[in-house]
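1. how would this look folded up:
(2 chains)
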Amino acid sequence: MEKLVVVGAGMASGRALEHIFEEAPGRFDITLFGAEPRGNYNRLMLSPVLAGEKEYEQIITHDAAWYEAHGVHTRFGETVTAIDRQRKVVVSKDGETPYDKLIIATGSAPFIIPLPGKDLPGVMAFRDLDDVNRMVDVSRRPGAKAVVIGGGLLGLEAAAALRARGMEVVVLHLMGHVMERQLDPAAGFLLQRDLEARGIKVHCKAQTKAILGETQVEAVALEDGTVYGADIVVMAVGIRPETRIATAAGLHVERGIVVTDQMVTSDPDVLALGECVEHEKIVYGLVAPLYDQAKVLAKTLAKVDAAFRPVQTATQLKVTGVAVYSAGDFADAEDREEIVLRDAQSGIYKRLVLKQDKVIGAVLYGETGDGPWFFDMIRKGTDTRDMRDTLIFGQAYQGGAALDPMAAVAALPDDAEICGCNGVCKSKITGTIVAKGLTDLDGVRAHTKASASCGSCTHLVEKLMAITLGDSYNPTAVKPMCPCTEHDHGTIRRLIVAKGLRSIPEVMQELEWKTSCGCAKCRPALNYYLVSEWPGEYEDDGQSRFINERVHANIQKDGTYSVVPRMWGGITTPNELRAIADVADKFAIPTVKVTGGQRIDLLGVKKEDLPGVWADLNAAGMVSGAAYAKGLRTVKTCVGSDWCRFGTQDSTGLGVRIEKFMWGSWTPAKLKLAVSGCPRNCAEATCKDIGVICVDSGYDIHFAGAAGLDIKGTELLGHANSEDEALEIIVALTQLYREQGYYLERIYKWAKRVGNDSIKAAVIDDLAKRRQLYDRFVYSQQFAQVDPWEERVNGKDAHEFAAMAEFGLPVAAE
Amino acid sequence: MTEWIELGAVTAVPLRGARCVNTPSGKIAVFRTAENQVFAIDNRCPHKGGPLAEGIVHGTSVTCPLHNWVFDLATGEAQGADEGSVRTYPVKVENGLIFIAPDVLIAMAAE
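-> Numbers count the residues shown, from 1 in each chain, chains lettered A, B, ... in the order given. Sure thing, here's the model as predicted:
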């Protein structure tokens, strides 16, 4: 396979990867570098996240499972610092990565005006999730003030979102009216009035002089003497292509990295796309042309002819309650005419710019439903002579009586563009709904990409679904667990309990499964729900478990396994280490590695050797570390009061105690814990599923952290005065998660779904409930705490570890 | 060709499971479905070489343990959006024993 390295994990490269898997499946071994410590998400939707209308999880476009399923080696959080084109390698902090083909998709960097004070803490851009998180943190302070420099699309979205978070917000804009690149002065004025009605101060013609502050931003001063107080200053004045590594590598770079119609740079093995490139002297910043580039780039890699051509774009402002739409060219000129509709009372302004009876530009404010219709006319150059009198009133008023909104969508021509971001027309959506039998919005988004980016055309897509599907379309439909059933996870869990269903075939029969024996998605989920609901009664179905949980080791890319024995709380002994060393020698185990969970991983064990390896480890007193399990993994500890001069409690002892108490338990997803002996937190407990921070007065119990594809600090659940109480709270919390979590839902996602308050109520406030949860966990442990290695050393599942038959070279046929 | 080659008892393969047969040119995975049907395919996913015998068996399909490609055991064709196929081998069950056609093994040995 050819080695393809992708530098930059943004929306353009994310889309390009999708097309590459379509155009040239299996052809490339792909490594993806991203400077952010996370995969691709829909950057256009950061404004709703900032405003608190959406959660980050809702805007992820490619999750860990997607990268894994497509075999993409992800290197998130790792910046590529150089490209050596002679040797065909890229350089990053972990060394060199070779490539046959390279894609540069480094995007753009926010432009920071070189003002005095620009480096003060509190001055930030609005570009990625980290920026959003920083802004949200500051917005939580009572009376916090924000100054947004830049009254363009991005600046105004930021301003509206920060205002929605309760901050005092001032927008400073250099030009005479806001969004001057998309709006004419009249619409700009209406927008400013609407923003001011929300309590956002808009200061146009603002010449910023300096950002003031000692150790932190305090205010912004203008040339005219005005001073605005500020806890944060958001710079949203523009972006510039991020071309530094391309320039350093000697590629042809002007404003952006220069590419051909085929998205190839001046080096035939280096391609580039996105906001970092320049095509025919144009640098694109909107998503629609970037998606076109992604399509072309994938075709080029697949050696299929394709060419990127400049495209027209339309813009919509994503501020809830404000409707702005603009497309095309709306500047005044001699040879142009305009049609304007104003209704100051209801805040509606529409302006069409015509040239030779064709619409060439449209600005809509307050009422933007006809935007796609006008945009369609702009793209097609429709002759408007016959409808000139009623054109401005929109599509509904063409040809007689007013149409209802549904009929207006139904009346759109088949090739009318519905989703501007992704260039999806009406017939593609309706055709795909029918061809693929789609019934929900997610399905339409997955198959057509329509409304999957900025989402502003969602209402149109929903109307098309209603028109196409008729009464069978139910917009609030549940998301089924998998294609085998109509039910979602929550319903299935509930019905298992309510109907007392005690086996997978029973669940499938009773809940009317559509397949004979499920699939690789639903069977492991059902198996977990039954294990968790009926301890001691339900017989675990090994054939419904993923291979790792079936053979109690982790499958590796080459079909060998890795073996991790438990080291309680990260504590080991010379004898254990000797046994591990002996096993590694005896079975010629190629790699011995220390894990992040404070234990030792033996990698590259052949499947048939597993029972032998386990037998030797068992003999030295070690059991399975369950490093493969959707269950209790590790309890990481620091040395605590035993050794550390700062330790306040015996964190190691507590960690060992928790691990010995909880090992063997199955949970919806993996469960990692840590105990730190003081707030210095050397065991890194505050990014774990459950973490304990020991303090002088006892134990702070934290939970719902994440340190994988998502990074999230834990939240404080409560305080325990004694080790016993700490253990009881942790166990009760785990049991609640076991009972409520959906399969593969990590604890932080579960907490977000059910709400921290309901969790606190059950395990902190209500002592009786806590005790019941604790007791149920203890009950189930008596069936769970069996070392799976020992069972298999003693012959369980022997068929797993031996071939059924062997054939030597001369086949025994004659 | 002459006689079919015996691989072992049907019951040696778990229901909704698989066992491997080692040959000089690689492993063949022998599957047994919930309905007691027996299939044999190459134990190598065309995507990244995943050992298909370790996958979850559902209906007459198996899901590769490495990246979740799904294959039809009867045709060897990848299902869903993925494209590719694995080689299938004729097998039959008689008197509770699984047999594989001999010609494929000879062909494999000759490769």
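2. give me the low-pLDDT residue ranges for the chain?
-> Going with chain A. Across chain A, residues meeting the criterion (pLDDT under 70) sit at A:320, A:399-405, A:475-478, A:808-814.
3. not quite, I wanted chain B
-> Ranges of chain B meeting pLDDT under 70: B:1-2, B:103-111.
4. mind jotting down where the helices sit in it?
-> In chain B, helices defined by DSSP state H lie at B:102-110, listed in chain order.
5. which parts of it are strands?
-> B:5-9, B:17-23, B:26-32, B:38-42, B:56-58, B:61-63, B:70-72, B:88-89, B:91-94, B:97-100 (DSSP state E).
6. cool, and the stretch 151-300 of chain A?
-> For the stretch 151-300 of chain A, the strands defined by DSSP state E, counting those that start in this stretch cover A:168-172, A:200-203, A:208-212, A:219-222, A:227-229, A:232-235, A:239-241, A:257-258, A:270-272, A:277-278.
7. which other helices and strands does the third one contact?
-> What that stands for is strand A:208-212. Contact partners of strand A:208-212 among helices and strands, from 3 or more CB pairs under 8 Å, 6 or more residues apart in numbering or on different chains; DSSP states H and E: strand A:219-222. Placement of C-beta: from N, CA and C, glycine included.
8. so what touches the strand it packs on?
-> Around strand A:219-222, the neighbours that count as contacts under CB atoms under 8 Å, 6 or more residues apart in numbering or on different chains are A:147, A:149, A:170, A:172, A:203, A:206-213, A:227-230, A:233.
9. got it, and stretch A:192-204?
-> A:151, A:156, A:159-160, A:163, A:168-173, A:175-178, A:222, A:226, A:228, A:322, A:347.
10. still on that earlier bit, can you list the strands of chain B in a markdown table and add mean neighbour count and distance to chain A?
-> Output for the strands of chain B, formatted as a markdown table (neighbours: other CB atoms under 10 Å in any protein chain shown; distance: least, CB to the nearest CB, whole Å):
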| stretch | mean neighbour count | distance to chain A |
| --- | --- | --- |
| strand B:5-9 | 17 | 5 |
| strand B:17-23 | 22 | 4 |
| strand B:26-32 | 23 | 6 |
| strand B:38-42 | 22 | 10 |
| strand B:56-58 | 25 | 4 |
| strand B:61-63 | 25 | 4 |
| strand B:70-72 | 21 | 7 |
| strand B:88-89 | 19 | 12 |
| strand B:91-94 | 14 | 12 |
| strand B:97-100 | 20 | 8 |
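11. which one of those strands lies nearest to residue A:134?
-> Residue A:134 sits nearest to strand B:61-63 of all those, at 41.6 Å, using CB to CB.
12. what's the closest one in contact with?
-> Against strand B:61-63 from outside (CB under 8 Å, 6+ apart): A:519-520, B:18, B:29, B:31, B:52, B:55-56, B:69-73, B:79.
13. okay, the strands of the stretch 151-300 of chain A, which one's buried deepest?
-> The highest average neighbour count among those, using mean count of other CB atoms under 10 Å in any protein chain shown, belongs to strand A:270-272 at a mean of 28.
14. so what's the gap between that strand and the chain middle?
-> Centroid separation for strand A:270-272 versus its chain: 25 Å, with CA atoms, centre = their mean, to the nearest Å.
15. now do stretch A:73-83
-> Stretch A:73-83 has its C-alpha centroid displaced from the chain centroid by 18 Å (CA atoms, centre = their mean).
16. which positions in it come out as buried?
-> For stretch A:73-83, a neighbour-count test (16 or more other CB atoms under 10 Å in any protein chain shown) marks A:74, A:75, A:76, A:78, A:80, A:83 as buried.
17. is chain B within reach of the host helix or strand of residue A:442?
-> Using DSSP states H and E, residue A:442 sits within helix A:441-448. No. Using CB under 8 Å from any CB of the partner chain, we find that helix A:441-448 stays clear of chain B, coming within 9.8 Å at best.
18. what residues does the stretch 401-550 of chain A put near chain B?
-> A:515-520, A:523-524, A:542-547, A:550.
19. give me the buried entries from those residues.
-> Buried by 16+ other CB under 10 Å: A:517-520, A:523-524, A:542-547, A:550, out of these.
20. show me which of those residues is closest to residue A:482.
-> Taking those together and measuring to residue A:482 by CB to CB, the closest member is residue A:519, at 5.7 Å.
21. I'd say that closest one and residue A:483 touch.
-> Yes. The pair residue A:519 and residue A:483 passes the contact test of CB atoms under 8 Å, sitting 7.1 Å apart.
22. helices and strands around the helix holding residue A:442, which ones?
-> Judged by 3+ CB pairs under 8 Å, 6+ apart, helix A:441-448 is in contact with helix A:426-436, helix A:458-469.
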